[in-house]
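# Return atomic coordinates for the entry below.
(chains A and B)
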Amino acid sequence: MAQVDLKDVVKSYGDVDAVKRVSFTVGDGKFVALVGPSGCGKTTTLNLIAGLLDLTEGEIKVGGRMVNDLDPKDRDIAMVFQNYALYPNKTVRKNLAFPLKMRKVPGRVISEKVEQAAKLLDITHLMDRRPRELSGGQQQRVALGRALVRDPQVFLMDEPLSNLDAKLRVQMRAELKRFHKDLNATVIYVTHDQLEAMTMADKMAVMNGGILQQYDAPERVFEEPANVFVAGFVGSPAMNLLPASVVERDGELFASSKGWELHLSPEIASRAQTASTDQIILGVRHSCLILHDAQEPGCVPARVYTVEPTGDLTFAHLEMGDESVVISTDPRHRINADQTVWVEFDQNRVHVFDAVTEKRIPPS
Amino acid sequence: MRKRTLGGWDITGWIFLILLLLFSVLPMLWMLITSVKSQFAAIQYPPELIPANPTLEQYYRLLSPTSEVGGQFLRYLWNSIVVSTLTTVLGVAVAVPAAYAFARFRFPGRNALFFSVLFRNMFPAVVFLMPLFIMMRWMGLVNTHASLVITYLTFGLPLSIWLLKGFYDNIPVELEQAARIDGCTRFQAFLLVVMPLSAPGIIATAIYSFITAWNEYVYALTFLNSDEKLTLPVGLQRFFTEYATNWPGLMAASFIMSVPVVVMFLILQKYFVRALTEGAVKA
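Numbers count the residues shown, from 1 in each chain, chains lettered A, B, ... in the order given. Next up is the predicted model:
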């Protein structure tokens, strides 16, 4: 297994930069998730690492070796594709053997390794079938097996679970995580599903518009999002982002917007004051808001738009001025649409973002 | 359960299909029957539906290299085989990489080039007869098989490329990417992964080229003038004038000519159907 380094990687198509100066290091044996919305450049980045696309600028190293000009086959990587890309005219056995055969591994060793991989993935009974005779989950295992047989330096995975149904996805997620641990493999995993990234990765690289927004451990990304985009992307339901202006009255600071005003705690106030202008964005997760039926001091009034019970938690969508806010509450707390409620902010857990730079202002 | 009754449309459909079947089979049948009659029986009126004294005499005559007619016929047959095979082989050799390039690569002028390839098909082939003849004379190719092969390629390639492009469009690009990661060069990925998957398309394209070349008449008639260069369709017509009265001989020759086409179609028709319907369902 090996470390992967990206340094100032750029990929341009004519005038359009799909990947803009992306740098990060994937430690040996680490599981890194590249995550972001469609078109953010995550798959392009993966294809650059694989060598399926040519770099415009920058450096990519696998195990300390510069691979910029190497063919995919010479980079010692394996890849699992979203649609599995199994060779439809070959049996499972031949699919698994193909990468070894192409590398001129002796036949006896091939059958040994293929058997080993099949056993590991529990697909020994499927060896003589063709891909179209397999279920999605089975195809997924074969695709994984084809990557495993070669003991590559790095595994690249491009949304490998997104074609599976929800239940199987959760199961395969756990299995993948287990494989990673058992094989001590270096994995770079592309997904648009932030939950997948959160649950599986040692580190996640959040991308948007071709730019790496934040590269950190999932907890850190969740707790300390670098900017407004990351804050809104990670976590489900998404963090509430409330633009407001900072106003001073009688020596106290308030976050004020159309239809609502919040008295800021001294700590939040001092953060808000370091913003480049008086415009800030408050970031609050649904769990950092407390719902009250009656008016209480420091609370902000809101109107209930709709209520979504999910069992463990009930989510309420509120209209607070012009903003829509999602809040979670105990299912036993009965609320109805169009009811007026009061929202308390847990100001110890509120994030402050500079509205101009969109960067998070950390506590001093 | 309600018993399914035959509606008016079903019956119309059946009648239509039966008429179509008779339309295509009866001439073949008549050809076969006539070819085993004696010359006298062939012009008898009313005609014998089942020959009283069937004979394979005409076939012996045509296929024996020593007889005058046989020698001529076998030469035409050989010429046809040469021209059609060359057209097919060259056609596939050009159409496969061309179609693959149109399907996979983005290059300047790609669309313009693709549609210009199809542009030829907007005109009936006869329109090009004189211009091509003049060009062939200028190149010194009149009365050569090369002139026919070149012409057939020009006419056959657009559809071949179109047909094959549909095939390549339907093969996910990830398969090639997987192959390249699994240790193939780009060319090996094409050869080992894409080619086997596009085999039905290639076979269909080959049949199409072969049959078109095999049956072509007008250009062969115009471009060739020496007897030893003639292909079968034109050669048969010479038969017709020289041996006008020998109906069984003409029919036997026609039958032999149609055998390769029919056999090829019977063996490979499933690929042909697949090739023509591929991409029709998938959006």
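# could you dump stretch B:78-96 to CSV, C-alpha only?
Output in CSV follows, covering the C-alpha atoms of stretch B:78-96 (Å, rounded to 0.1, in the frame of the first residue of the first chain):
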residue,chain,number,x,y,z
TRP,B,78,-14.8,-16.2,-59.1
ASN,B,79,-14.8,-12.5,-60.2
SER,B,80,-17.9,-11.8,-58.0
ILE,B,81,-16.3,-13.6,-55.0
VAL,B,82,-13.1,-11.5,-55.4
VAL,B,83,-14.9,-8.2,-55.8
SER,B,84,-17.3,-8.8,-52.9
THR,B,85,-14.8,-10.2,-50.6
LEU,B,86,-12.4,-7.4,-51.2
THR,B,87,-15.2,-4.8,-50.7
THR,B,88,-16.2,-6.5,-47.4
VAL,B,89,-12.7,-6.8,-46.0
LEU,B,90,-11.7,-3.3,-46.9
GLY,B,91,-15.1,-2.0,-45.8
VAL,B,92,-14.9,-3.5,-42.4
ALA,B,93,-11.2,-2.5,-42.0
VAL,B,94,-12.2,1.2,-42.6
ALA,B,95,-15.6,1.3,-41.0
VAL,B,96,-14.5,-0.2,-37.6
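# Let me see the mean pLDDT of it.
The average pLDDT within stretch B:78-96 is 95.
# Sketch out the low-pLDDT regions of chain B for me.
For chain B, applying pLDDT under 70 flags the ranges B:1-4, B:239-245, B:274-283.
# from it, which residue is nearest to chain A?
Closest residue of chain B to chain A, C-beta to the nearest C-beta: B:Gly183 (3.1 Å). Where you see a C-beta, it was placed from the backbone N, CA and C, and this is true even at glycine.
# so that residue sits in a helix?
No - looking at B:Gly183 with DSSP: H, G, I helix; E, B strand; the rest coil, it is coil, so not inside a helix.
# so where do the strands sit in the stretch 51-200 of chain A?
A:57-62, A:65-66, A:77-80, A:154-158, A:186-191 (DSSP state E, counting those that start in this stretch).
# now for these, which one comes closest to chain B?
Nearest of the strands of the stretch 51-200 of chain A (C-beta to the nearest C-beta): strand A:77-80, 4.8 Å.
# and the closest one, what does it pack onto?
Applying 3 or more C-beta pairs under 8 Å, 6 or more residues apart in numbering or on different chains; DSSP states H and E, we find strand A:77-80 packed against helix A:42-50, helix A:136-148, strand A:154-158, helix B:173-181.
# related to what we said a few turns ago, for A:Lys177, which of the strands of the stretch 51-200 of chain A is the nearest?
With distances scored as C-beta to C-beta, the stretch of the strands of the stretch 51-200 of chain A nearest to A:Lys177 is strand A:186-191 (9.7 Å).
# That closest one pairs with which strands?
strand A:31-35 (parallel), strand A:154-158 (parallel) (DSSP bridges).
# Any chance you could list what contacts the last one?
Spelled out, that is strand A:154-158. With contact meaning C-beta atoms under 8 Å, 6 or more residues apart in numbering or on different chains, strand A:154-158 is reached by A:1-2, A:4, A:26, A:43, A:46, A:49-50, A:62, A:76-82, A:147, A:185-190.
# tell me how far that strand is from the chain's mean position?
Strand A:154-158 has its C-alpha centroid displaced from the chain centroid by 15 Å (C-alpha atoms, centre = their mean, to the nearest Å).
# Please apply the same query to the first one.
The chain centroid and the centroid of strand A:31-35 are separated by 7 Å under C-alpha atoms, centre = their mean.
# other SSEs contacting the one helix or strand A:Tyr215 maps to?
Assigned by DSSP states H and E, A:Tyr215 belongs to strand A:211-216. Counting by 3+ C-beta pairs under 8 Å, 6+ apart, the packing neighbours recorded for strand A:211-216 are strand A:16-26, strand A:203-208, helix A:228-233.
# Now the next helix or strand after it: average pLDDT?
Sequence-wise, the next helix or strand downstream of strand A:211-216 (DSSP H and E) is helix A:218-223. Taken as a whole, helix A:218-223 has an average pLDDT of 95.
# and helix A:218-223, what other elements does it pack with?
helix A:194-200, strand A:203-208.
# mind checking pLDDT for A:Val22?
95.
# Just the CA trace of the least confident helix or strand in chain A by mean pLDDT, in CSV.
Lowest mean confidence among the helices and strands of chain A (mean pLDDT, DSSP states H and E): helix A:166-183, at a mean of 88. What follows is helix A:166-183, C-alpha atoms only, in CSV (Å, rounded to 0.1, in the frame of the first residue of the first chain):
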residue,chain,number,x,y,z
ALA,A,166,-30.9,1.4,0.0
LYS,A,167,-30.7,-1.7,2.2
LEU,A,168,-27.9,-3.3,0.2
ARG,A,169,-26.0,0.0,0.2
VAL,A,170,-25.9,0.1,4.0
GLN,A,171,-24.7,-3.5,4.1
MET,A,172,-22.0,-3.0,1.4
ARG,A,173,-20.9,0.1,3.2
ALA,A,174,-20.1,-1.9,6.3
GLU,A,175,-18.4,-4.6,4.2
LEU,A,176,-16.3,-2.1,2.4
LYS,A,177,-15.2,-0.5,5.6
ARG,A,178,-14.3,-3.9,7.0
PHE,A,179,-12.2,-4.7,3.8
HIS,A,180,-10.4,-1.5,4.2
LYS,A,181,-9.5,-2.3,7.7
ASP,A,182,-8.5,-6.0,7.0
LEU,A,183,-6.5,-5.2,3.9
